[in-house]
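> no letters, just coordinates:
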DNA sequence: CGACGAAGGCTAACGACCGTAGCCTTGTCG
DNA sequence: CGACAAGGCTACGGTCGTTAGCCTTCGTCG
């Protein structure tokens, strides 16, 4: 290498995540990140195309971290229990890194999406449980249903949108319970193994 | 009145909504809004505290509009049908004003929330259907479950997060169907209001 | 009927931030 | 030992948000 690198892309992204959680998405400026890694703002452009690119990298890293958390949820064999565990893990993750979580599903050109690959990896455990509950035929829509519910719930909770009173934790548990029943239940394609693990 | 007003708060907010949908939240600048109502940027500060305030007003106006759309959904007496209609209306609204929709559930201090009142009004029809399906006792968590699901689904759809293939419309219908069954179904609190739909 | 004052608009200007241009430093390798 | 490429830096231009201070307009009241 020609000249000594005083930082690295990885360090920049890590710093970006830290700044993001500390000061929110508006505080995620080139200067703040640069300062944190010990260089001046313009130097970041040697590693990143522009601020938007940096934000996308931070979002991708967050998805990656989320995927690891979800993958770490043990497979108990009881699909209902696993569903609850996954939902809980997602919620815990969102609470531990709310600003980053808010970056995961941001509208925009598909090209700007965080790695398809990372996203697929993160959804794998959910797909597994969905398949166990609703049968392979309905696994995809079932996974989409639970994912949408969990994501929506978490977003609204973080936004403070549950303002009508009532116990929010209870509502979360209620949702998990009913969803599990709904997916395993009705005309459920291959209700077969259903709740307790088909294979 | 001392001097002739060349615009009004209402006009500013309306212009803000238009700019928002045209150029995205990043394009919602004081200058753009000012130009659209025919004044210079600094003049907006006579009606609005700062950009953040303007954004919140735009969000509130969007919630208001959403509430009207939901209230316009007819009450057929069949809770399952009504649930589908409400979900469909919400999705249609989000598609007609995606940028504005994205402003509704933004994390932040509760004080910054769009009018509690407007939000409550917008949720009224959902609460009604939820009560009919799950019984009065579980109405609130049931409403939260469907709202969270619908919101999450729409957000993910707008974000282009359903990248694993499959039919998204079908997944939406699947979700409505299963949720309706789940809320009406299991240990469902009270058959009280009940689902008029036999199975 | 004329002066006053308040509301509302405008220009000027500051500071924060993104992004570009161009230069300097520092290893590496022929 | 000297070229060169990568990486960092300073200087700068442009866009925005926001504030300060001035001017215009008119309803009001002496």
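The structure has been received and is ready for your questions. Everything numeric in this text was worked out from a predicted model, so none of it was measured.

> name the helix or strand for the residue of chain A at minimum distance from chain B, please.
Per C-beta to the nearest C-beta, residue A:152 is where chain A lies closest to chain B, at 2.6 Å. Heads up, the C-betas are built off the backbone N, CA and C, glycines and all. Per DSSP states H and E: residue A:152 is located in helix A:139-158.

> mean confidence for that helix?
Helix A:139-158 shows a mean pLDDT of 97.

> now that helix and helix B:139-159, what's the angle there?
Inter-element angle recorded for helix A:139-158 and helix B:139-159: 110 degrees (by axes from the mean of the first three to the mean of the last three C-alpha atoms, to 10 degrees).

> chain center to helix A:139-158: distance?
How far helix A:139-158 lies from its chain's middle: 11 Å, per C-alpha atoms, centre = their mean, to the nearest Å.

> ok, stretch A:151-165 next?
Using C-alpha atoms, centre = their mean, the offset of stretch A:151-165 from its chain centre is 16 Å.

> same check on stretch A:15-27?
So, by C-alpha atoms, centre = their mean, the centroid of stretch A:15-27 is 17 Å from its chain's centroid.

> give me the helices and strands touching the lowest-mean-pLDDT helix or strand in chain A, please.
Lowest mean confidence among the helices and strands of chain A (mean pLDDT, DSSP states H and E): helix A:116-134, at a mean of 93. Where contact means 3 or more C-beta pairs under 8 Å, 6 or more residues apart in numbering or on different chains; DSSP states H and E, helix A:116-134 is packed against helix A:51-71, helix A:79-96, helix A:139-158, helix A:168-184.

> and among those helices, the most buried is which?
helix A:139-158 (a mean of 25; mean count of other C-beta atoms under 10 Å in any protein chain shown).

> same for that helix, what does it pack against?
Helix A:139-158 packs on helix A:79-96, helix A:98-104, helix A:116-134, helix A:168-184, helix B:139-159, helix B:168-184, going by 3+ C-beta pairs under 8 Å, 6+ apart.

> try 7 Å this time
helix A:79-96, helix A:116-134, helix A:168-184, helix B:139-159, helix B:168-184 (3 or more C-beta pairs under 7 Å, 6 or more residues apart in numbering or on different chains; DSSP states H and E).

> need the contact list for residue A:5.
By C-beta atoms under 7 Å, 6 or more residues apart in numbering or on different chains, the contact set of residue A:5 is empty.

> is it in a helix, a strand, or coil?
At residue A:5 the chain is in coil, as set by DSSP: H, G, I helix; E, B strand; the rest coil.

> tell me if stretch A:48-65 is near DNA strand C.
Yes - Stretch A:48-65 is in contact with DNA strand C by C-beta under 7 Å from any atom of the strand, via A:50, A:51, A:52.

> surely residue A:16 and residue A:54 touch.
Yes - using C-beta atoms under 7 Å, residue A:16 makes contact with residue A:54 at a distance of 5.8 Å.

> hmm, back to that, the helices and strands packed on helix A:116-134 into a markdown table, with extra columns for distance to residue A:38?
A markdown table is the format used below for the helices and strands packed on helix A:116-134 (distance: least, C-beta to C-beta, whole Å):
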| stretch | distance to residue A:38 |
| --- | --- |
| helix A:51-71 | 16 |
| helix A:79-96 | 26 |
| helix A:139-158 | 32 |
| helix A:168-184 | 41 |
